[in-house]
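Asker: Need coordinates for the following:
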Amino acid sequence: MKQLQPNGFVVQDISTAMFIPTNFKYSGINAFCTFPLDSFSDKLSKSVSERQFAKRSEDGKYEISEFISDPALLAEYLFVCQQKNIHIRLLLVESSYEHEVWNDPIPDRTILGFEYCSLPADEQIVSDIDWYPPLRCFWHKMNSFGLFNSYQEAESFKKSYDKYVASGEIGDGIEEAYIMRVSVVSTFSFLKP
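Answerer: Numbers count the residues shown, from 1 in each chain. Sure, this is the predicted structure:
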């Protein structure tokens, strides 16, 4: 198993489903609307959302963020969601992706499983598992969240999936994708009293 590092958090609006497979239950990274403040136009939501979306690198350029990897920004993002009564779920994502790293302590979490996901995150891979007949053999290996129980199972899937993508049978061409351990973390761990 590759060394997984905590990349950061994904905030999801659980009242807005984004992708619902027809053949299995799915509750991973692309299951719900991610970073819901993007859809609000008020000044505070826009400010927090813009800081989540892009961060300034050491050389002064802006880099697109896939996760929230700054504790203060995460606390502020969750606070604004709470003020707007957005029903959220907080996912911790760990992978070999090196461009974003959460360096602070991680509170207790519940591991949902392992998912092979492209960055930027989209539902293409989950959609392909749902409809492409040669990938149906992986359905029985998925847990109740539509994720794999182990890194090794996810890696086995990745090898098959990448082979079909390379042949042009599925996917949108070769994308940057990672095996990610996905966990749920309580939002109360980050909200200030």
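Asker: Which helix or strand lies directly C-terminal to the helix or strand hosting residue 165?
Answerer: If you go by DSSP states H and E, residue 165 is part of helix 151-166. Downstream of helix 151-166, the next assigned helix or strand under DSSP H and E is strand 177-185.
Asker: picking that back up, which strands or helices does the helix holding residue 165 pack on?
Answerer: Helix 151-166 is packed against strand 109-118, helix 124-131, strand 177-185, with contacts defined by 3 or more Cβ pairs under 8 Å, 6 or more residues apart in numbering; DSSP states H and E. The C-beta positions use only the backbone N, C-alpha and C, and glycine is treated the same way.
Asker: By mean pLDDT, show me the worst of these.
Answerer: Mean pLDDT is lowest for helix 124-131 among the helices and strands packed on helix 151-166, at a mean of 90.
Asker: And that helix, what's buried?
Answerer: 124, 125, 126, 127, 128, 129, 130 (16 or more other Cβ atoms under 10 Å).
Asker: quick one, the longest strand belonging to the chain and strand 109-118 angle?
Answerer: Across the chain, the longest stretch assigned as strand under DSSP state E is strand 5-17. Angle, strand 5-17 to strand 109-118, by axes from the mean of the first three to the mean of the last three Cα atoms, to 10 degrees: 90 degrees.
Asker: So what touches the next helix or strand after strand 5-17?
Answerer: Next along the chain after strand 5-17, taking DSSP H and E as the criterion, comes strand 32-34. With Cβ atoms under 8 Å, 6 or more residues apart in numbering as the contact definition, strand 32-34 has outside contacts at 10, 11, 12, 13, 14, 16, 17, 18, 39, 89, 121.
Asker: Just among those, which is most surrounded?
Answerer: Counting neighbours by other Cβ atoms under 10 Å, residue 12 comes out on top of the contacts of strand 32-34 with 25 neighbours.
Asker: ok, now which ones touch that residue?
Answerer: Per Cβ under 8 Å, 6+ apart, neighbours of residue 12: 31, 32, 33, 34, 36, 88, 89, 90, 91.
Asker: And the pLDDT for the nearest residue to it once chain neighbours are set aside?
Answerer: The shortest distance from residue 12 to any non-neighbouring residue, by Cβ to Cβ, 6 or more residues apart in numbering, is to residue 32 (4.0 Å). For residue 32, the model assigns a pLDDT of 94.
Asker: Next one: residue 32 relative to residue 71, how far apart?
Answerer: For residue 32, the distance to residue 71 (Cβ to Cβ, to the nearest Å) stands at 23 Å.
Asker: Look at these two and report which has more neighbours.
Answerer: Taking neighbours as other Cβ under 10 Å, residue 32 and residue 71 compare with residue 32 leading, 22 against 15.
Asker: From residue 54, how far off is residue 165?
Answerer: On the measure of Cβ to Cβ, residue 165 and residue 54 end up 28 Å apart.
Asker: just checking, residue 139 touches residue 24?
Answerer: Yes: assessed by Cβ atoms under 8 Å, residue 139 is found in contact with residue 24 at 5.5 Å.
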